[in-house]
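Student: quick one, what's the 3D model for this:
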Amino acid sequence: MRIALFSVFLVFFTPALYAQSLEPAASNHPFKKENIFIGTGLNLGFASKSFNIGLNPEIGYSITKWLDAGISLNLNYFSQNPSDYSNTKYQNLSYGAGSFLRIWPLNFFNIQIQPEYNWISSTQKTLSNNTSYKYNYQAGSLLVGIGYGSHFIGNRYSYVTLMMDVLQDQNSPYRDQFNDPIPVFRAGFGMYLKPSKK
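Tutor: Prediction:
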């Protein structure tokens, strides 16, 4: 499943990146310092009796006016209270890294694709007999979503997105104990390292 998704990702986005390299550069140097940006995002996720909050610093490059790519780190906290189907309380702390593509078909609308790999420390407490267990494990995730924002290359950017983890890994920090995806609301902002003089 993961290999298939990664293959689809390469098929759709490699030609777009290659096509950009064929466009004539606006200056003598195709790499522009004013296209490098740094920022951070804050994500919130919630579902029935569960809560997720995280911080996502990022660094990236505006390849074109409509395509940003970069790498990001993440730190997430997830908790889920007992439900009608389970008397176990879950608390997870995860950290990880990944890459992202942010496509801006319109200056105020974006599509985001973000594969991540996470390391998770989980505490599970069974309330019926008051026993606790601790686990450490790893999981991959692929967040996909749409958002609204502003995007001014060489100046600043901001966005609010709604994303879902489309992989089926039950250990993902973006899935609940029943392996249902948790909607992730992410708000981000940042600035370009070398502001444009325009």
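Student: partner strands of the one helix or strand Leu42 maps to, parallel or antiparallel?
Tutor: Element membership for Leu42 (DSSP states H and E) is strand 36-47. Sheet pairing of strand 36-47 (DSSP bridges) gives strand 50-62 (antiparallel), strand 184-192 (antiparallel).
Student: distance from the chain centre to the first one, please.
Tutor: This points to strand 50-62. From the chain centre to the centre of strand 50-62 is a distance of 6 Å (CA atoms, centre = their mean, to the nearest Å).
Student: does anything pack onto the next helix or strand after it? Which helices or strands?
Tutor: Downstream of strand 50-62, the first helix or strand assigned by DSSP H and E is strand 67-80. With contacts taken as 3 or more CB pairs under 8 Å, 6 or more residues apart in numbering; DSSP states H and E, strand 67-80 sits against helix 2-22, strand 36-47, strand 50-62, strand 88-106, strand 109-126. Where you see a C-beta, it was placed from the backbone N, CA and C, and this is true even at glycine.
Student: for the ones you listed, which one sits closest to Asn136?
Tutor: Ranking the helices and strands packed on strand 67-80 by proximity to Asn136 (CB to CB) places strand 109-126 first, at 5.4 Å.
Student: what's the angle from the very next helix or strand once past the closest one to strand 88-106?
Tutor: For strand 109-126, the following helix or strand on the C-terminal side (DSSP H and E) is strand 131-152. Using axes from the mean of the first three to the mean of the last three CA atoms, to 10 degrees, the inter-axis angle of strand 131-152 relative to strand 88-106 is 10 degrees.
Student: what packs against strand 131-152?
Tutor: Against strand 131-152 (3+ CB pairs under 8 Å, 6+ apart) you get strand 109-126, strand 156-165, strand 184-192.
Student: quick one: it to strand 67-80, angle?
Tutor: Orientation check (the same axes, to 10 degrees): strand 131-152 against strand 67-80 gives 150 degrees.
Student: how about strand 131-152: buried residues?
Tutor: By neighbour count with 16 or more other CB atoms under 10 Å, strand 131-152 contains the buried residues 139-145, 147, 149, 151.
Student: again, but for stretch 169-176
Tutor: 169, 171-176.
Student: neighbouring contacts of it?
Tutor: Stretch 169-176 is contacted from outside by 45, 47, 50, 52, 54, 76, 78, 80, 92, 94, 118, 120, 137-141, 143, 164-165, 179, 181-182, 184, using CB atoms under 8 Å, 6 or more residues apart in numbering.
Student: just the buried members of those residues?
Tutor: When neighbours are counted using 16+ other CB under 10 Å, these contain these buried positions: 45, 50, 52, 54, 76, 78, 80, 92, 94, 118, 120, 139-141, 143, 164-165, 181-182, 184.
Student: so what sits opposite the residue positioned nearest the centre of the chain in the bridge?
Tutor: Centroid-nearest residue in the chain: Gln114, 4.5 Å away (criterion: CA atoms, centre = their mean). Judged by DSSP bridges, the bridge partners of Gln114 are Leu143.
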